[in-house]
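please find the sequence and the predicted model below.
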Amino acid sequence: MTTSGSDSPPKPLWLLAELTYRCPLQCPYCSNPLDMAKYSDELSTEEWIRVFREARAMGAVQLGLSGGEALVRKDLEELIAEAHKLGFYINLLTSGVGMDEHRIRAFKEAGLDHIQISFQASSEELNNFIAGNDSFRHKLEMARLVKQYDYPMVLCFVLHRHNTDDVAQILDMAHALQADYVELATTQYYGWAMLNRDQLLPTREQVQRAEALAHDYQEKLKGQMKIFYVVPDYHEERPKACMSGWGSIFLTVAPDGTALPCHAAGSLPGLSFPNVRDHDLAWIWSASPDFNRFRGYGWMKEPCRSCEEKTKDFGGCRCQAYLLTGDPANADPVCAKSPHHAELQRRVALASEQTPPRESPIVFRNMRNSKRQMGVLD
Ligand code: FES
């Protein structure tokens, strides 16, 4: 049975194409897998187009192009043009590094609908420190060009301990740029972010201040700029309905063609997700054992099994349950009913009392550090 309760699986409405894990930035909050260096055998242009065609035939309507940094792919314009012909609404999620006016114009001609540019901070110094390069001024320039070429201006800031106190400055900057939408996306602790969690976790007071400020600005700028504040779930009592349920509407394809129900599922133990090079998407989505592993409610243990909220939150996030408890079938510890909730709260409280421990310095996300994590580099 499916998450929605019917017998046939729902449609993958959202396809996230992680075109490459190569990226000129080194953000330590990235949710890409730590072993991203092993994904170097990227799908070719023709393979990606076949994936788009198969997904569209199954009912997918939204296409996210991300990475790593999707702009690294020289065939991005061609991929956009083919996806546009297929009828997708196409969203490019980018740092802006690798973009220029020539490419923005080409994307427009190819049929790109939407560009989301991410910033690391509102100050040049912090932005460039987190990104690991001097990208701030270029990002500003790209944001202005996005507007000039008549795209909606969508800016994304990932919040963590080092920039959560700057929410007012971030929103002032976005307003000055005439952004239409701003996403204040709290760090989600997967991949590199999980590795750097002790350094990134904000204090409870920081979160409360940021949330209050975001709400003030939502009121103040109503009708001018839409602000989405993503609540940091570690500080919550109810879990998020991750991916709207496993294998429900989201389908991610990693750079090497591995198909996943979410961007982080590749790290779950005991599952070996199918590859689009070996199977068509229809089989992967409907019949592969791993896409069915956490569909519906049959896999649930207590307290999820008998919880009346399971149809709303689907037990939370499988990847978070694994990362925090060692078992992806456990309730997400963000949930106050989870027996692991108290331990998570203890960790959050600890973060509020301590400056980040010196013995765990920030590990920046790059291929060298990925190889080190994989044990293939000293
Ligand atoms: Fe994988 Fe939530 S991120 S299920």
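In hand now; what should we look at?

least confident secondary structure element in the chain?
helix 341-353 (a mean of 87; mean pLDDT, DSSP states H and E).

now Ile284: how far from the ligand?
Ile284 is 16 Å from the ligand, where distance means C-beta to the nearest ligand atom, to the nearest Å. Bear in mind the C-beta positions are built from the backbone N, C-alpha and C, glycine included.

equivalent analysis for Leu13, please.
17 Å.

neighbours of that residue, how many?
Neighbours of Leu13 under the rule other C-beta atoms under 10 Å: 16.

give me the pLDDT value at it.
We have a pLDDT of 96 for Leu13.

next helix or strand past the least confident helix or strand of the chain?
Moving toward the C-terminus from helix 341-353, the next helix or strand (DSSP states H and E) is helix 367-374.

one step back: quick one: buried residues of the least confident helix or strand of the chain?
341, 344-345, 348, 351 (16 or more other C-beta atoms under 10 Å).

CSV for those residues, including distance to the ligand?
Converted to CSV, the buried residues of helix 341-353 look like this (distance: C-beta to the nearest ligand atom, whole Å):
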residue, distance to the ligand
His341, 17
Leu344, 15
Gln345, 20
Val348, 19
Ala351, 21
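
ok, and what's touching the host helix or strand of Thr252?
According to DSSP H and E, Thr252 maps onto strand 250-253. Applying C-beta atoms under 8 Å, 6 or more residues apart in numbering, the contact partners of strand 250-253 are 12-18, 43, 51, 55, 60, 243-244, 259-263, 265, 276, 281, 285.

at 7 Å what do you get?
With C-beta atoms under 7 Å, 6 or more residues apart in numbering as the contact definition, strand 250-253 has outside contacts at 12, 14-18, 51, 55, 243, 259-263, 276, 285.

only the C-alpha atoms, please, for the least confident helix or strand of the chain, written as CSV.
What follows is helix 341-353, C-alpha atoms only, in CSV (Å, rounded to 0.1, in the frame of the first residue of the first chain):
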residue,chain,number,x,y,z
HIS,A,341,13.9,12.6,21.6
ALA,A,342,15.4,13.4,25.0
GLU,A,343,18.9,12.6,23.7
LEU,A,344,18.4,15.0,20.7
GLN,A,345,17.1,17.7,23.1
ARG,A,346,20.2,17.2,25.3
ARG,A,347,22.4,17.8,22.3
VAL,A,348,20.5,20.9,21.3
ALA,A,349,20.7,22.2,24.9
LEU,A,350,24.5,21.4,25.0
ALA,A,351,24.9,23.5,21.8
SER,A,352,23.3,26.4,23.6
GLU,A,353,25.7,26.2,26.5
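
how far does it sit from the chain's center?
Relative to the centre of its chain, helix 341-353 is centred 24 Å away, using C-alpha atoms, centre = their mean, to the nearest Å.

farthest residue from the center of the chain?
Distance from the C-alpha centroid of the chain, by C-alpha atoms, centre = their mean, peaks at Ser306 (30.1 Å).

that one in helix, strand or coil?
What DSSP: H, G, I helix; E, B strand; the rest coil gives for Ser306 is coil.

for it, give its distance to Lys337.
10 Å (C-beta to C-beta, to the nearest Å).

next: Ala70.
As for Ala70, its distance to Lys337 is 39 Å (criterion: C-beta to C-beta).

so the two - more neighbours on which side?
Using other C-beta under 10 Å, the more surrounded residue of Ala70 and Lys337 is Ala70, with 24 against 16.

what number of residues lie near Thr355?
8.

show me what contacts it?
The contact partners of Thr355, by C-beta under 7 Å, 6+ apart, come to none.

the ligand contacts on the stretch 251-378 of the chain?
262, 264-265, 317-319 (C-beta under 6 Å from any ligand atom).

how about a cut-off of 8 Å?
Within reach of the ligand by C-beta under 8 Å from any ligand atom, the stretch 251-378 of the chain has these residues: 261-265, 268, 294, 316-320.

could you tell me which of these are located in helices?
Counting by DSSP state H, the part of those found in helices is 318-320.

for these, which one is nearest Glu82?
Cys319 (30.7 Å; C-beta to C-beta).

which one is the closest one nearest to, not counting chain neighbours?
Distances taken as C-beta to C-beta, 6 or more residues apart in numbering place Ala264 nearest to Cys319, at 4.0 Å, with adjacent residues excluded.
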